[in-house]
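Asks: Here's a sequence, model it:
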Amino acid sequence: MRINETYQRSVRIEGAPDDLNGYKMTIKDLESGEEIENITDCTITLTPRRLNAAYLTYDDQGKVVADEYKEPMQNRVRVDNPEVAITALEEVTDAYKNHN
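Replies: Residues are numbered from 1 along each chain as shown. All right, here's what the predicted structure looks like:
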């Protein structure tokens with residue numbers, strides 16, 4: 001599935017539980033469950049007691065077009081109230097270990 005400037009449905013943003021780097025992250029249309037293939041960047045804004053949003057940067061031409069003097073041609077759409085599957089792992093640093 002590909003999105004364009006008229007996309008307004010919710011998305012599900014998730015990563016693989018066993019591997020939390022961006023290579024395993026997927027963004028799917030919440031209604032259909034299809035992965036959205038043309039997203040090049042996703043910025044998530046989570047604010048308590050306010051509207052949450054995902055800002056999706058996408059390439060609507062099938063590939064990022066750039067010439068020598070210009071930035072890649074990309075567009076951005078805001079999707080309100082995304083469903084986000086977040087896993088946060090505790091990272092214990094040497095400084096923390098030595099402090100205790």
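Asks: right, and Asp41 touches Asp59 too?
Replies: No: applying Cβ atoms under 8 Å as the test, Asp41 and Asp59 come out as separate, 10.0 Å apart. C-beta: built from backbone N, CA, C; applies to glycine.
Asks: So if I had to pick from these two, which one is more boxed in?
Replies: A direct count of neighbours by other Cβ atoms under 10 Å for Asp41 and Asp59 places Asp59 higher, at 17 against 10.
Asks: how about the nearest residue to that one, chain neighbours excluded?
Replies: Asn38 (5.1 Å; Cβ to Cβ, 6 or more residues apart in numbering).
Asks: can you count the residues close to the one you found?
Replies: Counted with other Cβ under 10 Å, the neighbours of Asn38 add up to 19.
Asks: pLDDT wise, what is the most centrally placed residue in the chain at?
Replies: Of all residues in the chain, the one closest to the mean position by Cα atoms, centre = their mean is Cys42, 3.2 Å from it. As predicted, Cys42 sits at a pLDDT of 89.
Asks: what does the one 10 residues further on give?
Replies: Asn52 is assigned a predicted lDDT (pLDDT) of 90.
Asks: isn't it right next to Thr43, touching?
Replies: No: taking Cβ under 8 Å as the definition, Asn52 is not a contact partner of Thr43, at 11.8 Å.
Asks: what about the two, which has more around it?
Replies: Asn52 (15 against 11).
Asks: ok, that one - contacts?
Replies: When the contact criterion is Cβ atoms under 8 Å, 6 or more residues apart in numbering, the partners of Asn52 are Ile44, Thr45, Leu46, Asp80, Asn81, Pro82, Val84.
Asks: mind listing the strands for the protein?
Replies: For the chain, the strands defined by DSSP state E cover 11-14, 26-29, 39-45, 53-58, 75-80, 83-84.
Asks: which secondary structure elements does the first one contact?
Replies: By that I understand strand 11-14. Counting contacts by 3 or more Cβ pairs under 8 Å, 6 or more residues apart in numbering; DSSP states H and E, strand 11-14 is packed against strand 26-29, strand 53-58, strand 83-84.
Asks: just to revisit the earlier point, can you select the buried ones from the contacts of Asn52 in PyMOL?
Replies: A single PyMOL command suffices to select whichever of the contacts of Asn52 are buried according to 16 or more other Cβ atoms under 10 Å:
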select buried, resi 82
